[in-house]
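J.: Sequence first, then the predicted structure, then my questions.
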Amino acid sequence: MKTVRYGMIGEKVGMTRIFSKDGLVIPVTVIKCGPCYVVQKRSQEKEGYQSLQLGYGEIKEKKLNKPRLGHLKKAGVPPLRFLAEFRFESVDGYQVGQVLKVDGFQVGDKVDVTGVSKGKGFQGVVRRYGYGGGPATHGSMFYREPGSIGGTDAERVFKGKGLPGRMGRDTVTVKNLEVVGINPERDLLLIKGAVPGPAGSRVLVRKKAL
């Protein structure tokens, strides 16, 4: 787990565009970042590293199991849907139960955004790996198949061989994205470019340590 200066759990709202002072179009992803609650604090003396466990997304108590609910009540925070741990450079200025807001970021910050990419189901090698396939004429009957997999010599399939299978739904981190706008009243963060996942999915936003 990499050390960060600041981090929050957020929800991808969608994509739009804004205009710079020069009239240039900037594609941005809108992320609802927070409010996040500090659920647990880990210190160098006790656990051997410094981190904060944050919670996001208030839900009804009946939707949580008893261990999770007890853990949250001990911290004095409401029932929360998501929990994630961020290894901060220093946790001295934070307290359990504290609320973190989007104003911890600033315009111009470089952030890493982690999310789960869109699922695409079971796909063949042409879409999954970009294979060229075979000729589609003269009755070749070899259009979008993977071809020989080398079973005549070693008599086994080598690890890493590209074959049809499930595509998408992977944890993806996009690094060095720029924060181009902040709306503290609505807890919105505008990040230049695209981030993984569909609208409504959970993302983790980390501001890099110096």
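T.: In hand now; what should we look at? Numbering: from 1, shown residues only.

J.: residues making contact with the lengthiest helix in the chain?
T.: Scanning the chain for the helix with the most residues, using DSSP state H, yields helix 66-75. For helix 66-75, contacts defined as C-beta atoms under 8 Å, 6 or more residues apart in numbering pick out Tyr37, Val38, Val39, Gln40, Gly55, Glu61, Leu64, Pro78, Pro79, Leu80, Val96, Gly97. Glycine gets a C-beta too; all of them are placed from N, C-alpha and C.

J.: The last one: what's it in contact with?
T.: What it means is Gly97. Gly97 is in contact with Tyr37, Val38, Ala75, Gly76, Val77, counting by C-beta under 8 Å, 6+ apart.

J.: Could you report the neighbour count for the residue nearest to Leu80 when sequence neighbours are not counted?
T.: Residue nearest to Leu80 in three dimensions, not counting chain neighbours: Gly55, with 3.5 Å by C-beta to C-beta, 6 or more residues apart in numbering. A count of nearby residues for Gly55, using other C-beta atoms under 10 Å, gives 24.

J.: Against which helices or strands is the helix or strand containing Gly55 packed?
T.: Per DSSP states H and E, Gly55 falls inside strand 51-58. Here strand 51-58 is seen to pack against strand 3-19, strand 36-42, strand 80-88 when contacts are counted using 3 or more C-beta pairs under 8 Å, 6 or more residues apart in numbering; DSSP states H and E.
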